[in-house]
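*Asks:* sharing a model that was predicted from the sequence below.
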Amino acid sequence: MAQEVTILGAGVAGLALARALARQGWQVLVLEQADAVREVGAGLQIGPNGAAVMDALGLGEELRAASVRARAVALKDGLTGTTVLRMGMETPYPALGWHFLHRADLIDILANGAREAGAQIRLLHKIDRVDLSGPRPRVVTAQGAEFLPGVLIGADGLHSLTRATLNGAGAPFFTGQVAWRAVVPETPGAEPVAEVHMGPGRHLVSYPLRGGRWRNIVAVEERKTWVQESWSLRDDAMELRLAFQGFNPRVQGWLEQAQDVWLWGLFRHPVAPVWQRVMAEGAVAILGDAAHPTLPFLAQGAGMALEDAWTLAKALARGGQALPAWQATRAPRCARIVQAANSNARAYHLSGLPRFIGHSVLRIGNAIAPDLALKRFDWLYGFDVTRDQAETV
């Protein structure tokens, strides 16, 4: 297979793959439609499975320098503020850890790492068409430029043209949930804990960023009205405060500081049936949100993208014949993660008797076996795709 690749999209998946392939000696070109490589306005979490990939990419020190290392995840009754369950995050994965960081900082680390390894990143290249009818992939930009790469990778997100070309047009459906995101000032010294404040029909997740100087907020509410699937829709901060006015004073204090607030509708997309195609003179593949979009209820969007990038780079090193096996290995794991995220959404929003029973079970479990809740996810957080072993699900 030709050792040159064009990657569409300079997000987490595309930049991580660019770094991995460039270090293997590939000629890497990344095409990004924006005028700068950047991400705005939100934090994210990198669990130990994602941190393992950052280490393997040679970017582990940069990750640790830019992030707040998590001490725990605490599930709380959103109305009273009392702790329902606390899961310690330091002991289970001491070498890799769990990290809170601003999305823009992760993008900077990956973009600098890709360039340092030799990848080219070209901005202002909006893709108009992906054509897979010939012997090798063909990409046409809105400006009329044409590319015929030996390998084409679609890291082009939720509305991926590459995915649509491989699978046909999709039809995501509205989950009946919307999410706000905001970043507010924080007093330095805040405990490095991800707090999940659960309430009837809504929940709010918050954790410190950038040395504890800022606090990330993602707040989710169930509603029947449709909101467009976009990360760039602004909303009035008062709407967010009104939605959570019955929550505890700690949450109210955070929301009083919120000024720049973004709102997006949560849509469920199926895992793509086809992630790759081997062609007469080349190949094409998709990864990250283009292949398996997930709801933000398990903090695994970035982690899955990093895992995809590492495993796809290894597959491409073995040649095009390895791509079907790569999909066969990755797809079940990603589908399981997507389903687990879906389940969390339901558990966070219980009301009435189911809420009382659910919280009581968590409290009792926390008292009897505090490590058991996290051990249920060893298959996810404890798995390291960078080791020479077969993936299991």
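*Replies:* Thanks, I have it.
*Asks:* alpha carbons only for contacts and neighbour counts from here, please
*Replies:* Will do.
*Asks:* check the average confidence over whichever helix in the chain runs longest, would you?
*Replies:* Ranked by residue count, the top helix of the chain under DSSP state H comes out as helix 323-348. The average of the pLDDT scores along helix 323-348 is 89.
*Asks:* kindly report the same for stretch 96-109.
*Replies:* When pLDDT is averaged along stretch 96-109, the result is 94.
*Asks:* repeat for stretch 141-155
*Replies:* Averaging pLDDT along stretch 141-155 yields 94.
*Asks:* parallel or antiparallel, list what pairs with the lengthiest strand in the chain.
*Replies:* Longest strand in the chain, counting residues (DSSP state E): strand 173-185. Strand 173-185 has the following sheet partners, assigned by DSSP bridges: strand 214-222 (antiparallel), strand 261-268 (antiparallel).
*Asks:* using CSV, write down the CA coordinates of it.
*Replies:* In CSV, the C-alpha atoms belonging to strand 173-185 read as follows (Å, rounded to 0.1, in the frame of the first residue of the first chain):
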residue,chain,number,x,y,z
PHE,A,173,-32.9,10.6,15.8
PHE,A,174,-33.4,13.2,18.5
THR,A,175,-33.0,11.6,22.0
GLY,A,176,-35.3,14.0,23.7
GLN,A,177,-32.3,15.6,25.5
VAL,A,178,-30.4,18.8,25.1
ALA,A,179,-27.1,19.8,26.6
TRP,A,180,-25.5,23.1,27.6
ARG,A,181,-21.8,23.6,28.0
ALA,A,182,-20.0,26.4,29.7
VAL,A,183,-16.7,27.1,31.5
VAL,A,184,-16.8,29.3,34.6
PRO,A,185,-14.1,30.6,36.9
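*Asks:* mean confidence for stretch 288-302?
*Replies:* Stretch 288-302 comes out at a mean pLDDT of 91.
*Asks:* okay, buried residues for that stretch please.
*Replies:* With burial defined by 16 or more other Cα atoms under 10 Å, the residues of stretch 288-302 counted as buried are 288-298, 300-302.
*Asks:* just want the angle from the longest strand of the chain to helix 323-348.
*Replies:* 70 degrees (axes from the mean of the first three to the mean of the last three Cα atoms, to 10 degrees).
*Asks:* pretty sure Leu123 contacts Asp35?
*Replies:* Yes - the pair Leu123 / Asp35 is scored as a contact, 5.4 Å apart, by Cα atoms under 8 Å.
*Asks:* neighbour count: the two, which is higher?
*Replies:* Using other Cα atoms under 10 Å, the more surrounded residue of Leu123 and Asp35 is Leu123, with 16 against 10.
*Asks:* who's in contact with the residue nearest to that one when sequence neighbours are not counted?
*Replies:* Leaving aside its sequence neighbours, Leu123 sits nearest to Glu32 (Cα to Cα, 6 or more residues apart in numbering; 4.9 Å). Glu32 makes contacts with 8-10, 121-126, as judged by Cα atoms under 8 Å, 6 or more residues apart in numbering.
*Asks:* could I get the pLDDT score of Glu32?
*Replies:* 93.
*Asks:* quick one, phi/psi of it?
*Replies:* Main-chain torsions, Glu32, degrees, to the nearest 10: phi -130, psi 130.
*Asks:* quick one: residues in contact with the longest strand of the chain.
*Replies:* Against strand 173-185 from outside (Cα under 8 Å, 6+ apart): 41-43, 213-227, 240, 254, 257-269.
*Asks:* which ones are touching the residue nearest to Asp236 when sequence neighbours are not counted?
*Replies:* Spatial nearest neighbour of Asp236, chain neighbours left out: Val261 (6.7 Å); criterion: Cα to Cα, 6+ apart. Counting by Cα under 8 Å, 6+ apart, Val261 makes contact with 180-182, 234-237.
*Asks:* mind listing the strands for the stretch 51-200 of the chain?
*Replies:* 68-69, 72-77, 83-88, 99-102, 120-122, 127-131, 138-141, 146-147, 151-154, 173-185, 193-199 (DSSP state E, counting those that start in this stretch).
*Asks:* okay, the ones you listed in JSON lines with mean neighbour count next?
*Replies:* Shown next, in JSON lines, are the strands of the stretch 51-200 of the chain (neighbours: other Cα atoms under 10 Å):
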{"stretch": "strand 68-69", "mean neighbour count": "24"}
{"stretch": "strand 72-77", "mean neighbour count": "21"}
{"stretch": "strand 83-88", "mean neighbour count": "20"}
{"stretch": "strand 99-102", "mean neighbour count": "25"}
{"stretch": "strand 120-122", "mean neighbour count": "19"}
{"stretch": "strand 127-131", "mean neighbour count": "18"}
{"stretch": "strand 138-141", "mean neighbour count": "18"}
{"stretch": "strand 146-147", "mean neighbour count": "14"}
{"stretch": "strand 151-154", "mean neighbour count": "26"}
{"stretch": "strand 173-185", "mean neighbour count": "20"}
{"stretch": "strand 193-199", "mean neighbour count": "23"}
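*Asks:* out of those strands, which is closest to Trp379?
*Replies:* For the strands of the stretch 51-200 of the chain, the distance to Trp379 is smallest for strand 83-88, at 16.3 Å, taking Cα to Cα.
*Asks:* ok, the closest one: who's next to it in the sheet?
*Replies:* Next to strand 83-88 in the sheet, as set by DSSP bridges, lie strand 72-77 (antiparallel).
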